[in-house]
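Asks: Give me coordinates for this.
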Amino acid sequence: MRIVSVNIGKPRPNVWKAGAEFTGIDKHPVEGSVEVRAARAKPSGEVGLAGDRVGDVRNHGGANQAVYAYARADYDHFEKILGRELRSGMFGDNLTVEGYDLCQARSGERWRGPDGLVLEVTSPRIPCGTFRGWMDEKGWLRTFTKQARSGAYLKVVAPGAVAKGIELEIVYRPDNDLTMTNLFRAGMGDRELATRFLDSGALNEDMADYFRALYKLD
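Replies: All right, here's what the predicted structure looks like:
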């Protein structure tokens, strides 16, 4: 897959989420090479890309949400539905990519980039109130959920750098059905699917904890 845009958040007041002073959802493309390193501890708000931050540190950030990737093809899909232009980075993604169906990316798969960079897919994006308010579209969370085009969060296994035009190579893909679409549906109401994934023992700790809390499972 190819990176078509590297996007960094510009903090702005979060008027949609109580307890979060600012939000970094308003990300914009930047030029040149950007350092990528493991995310700092959650309270810091510092994530994978140098210069990027999250505001709602209780629900975002941490090692398994160091980087967020979204496919340009999925932006194009939503442009047709909404009848408006959606620039790269508008959904809060750090990497806008092309040439790979992120809906079928599997939790645990690894991508290799330049300078030794290795990223590992961890989980889909679960939409929140900040995302709804930021998009300012009636029924947006329902629309986003129905389409199940969530993008993918990644953790940084080995640091490196990213830039527009760089190719990312998929170097490992686990033999499971923990795709972003399946995990997204499990996190948006499909209890049976969530339970099956928990029983498989293949979920990362953050996703397992989320499903247990969501469905009140032991």
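Asks: Helices of this protein, start to end?
Replies: Under the criterion DSSP state H, the chain contains helices at 72-82, 129-135, 140-147, 180-187, 191-200, 205-215.
Asks: how near is Arg72 to Asp93?
Replies: Per CB to CB, to the nearest Å, Arg72 is found 10 Å from Asp93. Backbone N, C-alpha and C define where each C-beta goes, glycine included.
Asks: For these two, indicate the residue with more neighbours.
Replies: Neighbours per residue, other CB atoms under 10 Å: of Arg72 and Asp93, the larger number sits with Asp93, 27 against 17.
Asks: Let me know whether that one touches Asp74 as I believe.
Replies: No: assessed by CB atoms under 8 Å, Asp93 is found out of contact with Asp74, at 9.8 Å.
Asks: got a list of what Trp16 touches?
Replies: 23, 129-130, 132-134 (CB atoms under 8 Å, 6 or more residues apart in numbering).
Asks: go with 7 Å
Replies: 129-130, 133-134 (CB atoms under 7 Å, 6 or more residues apart in numbering).
Asks: which residue packs closest to Gly92, ignoring adjacent ones?
Replies: For Gly92, ignoring the flanking residues on the chain, the nearest one in space by CB to CB, 6 or more residues apart in numbering is Ile25 at 4.2 Å.
Asks: now that neighbour: how far from Gly19?
Replies: 16 Å.
Asks: Between these two, point out the one with more neighbours.
Replies: Under the neighbour definition other CB under 10 Å, Ile25 and Gly19 were set side by side, and Ile25 has more, 26 against 10.
Asks: Can you check what pLDDT the model gives that one?
Replies: If you check Ile25, the pLDDT there is 94.
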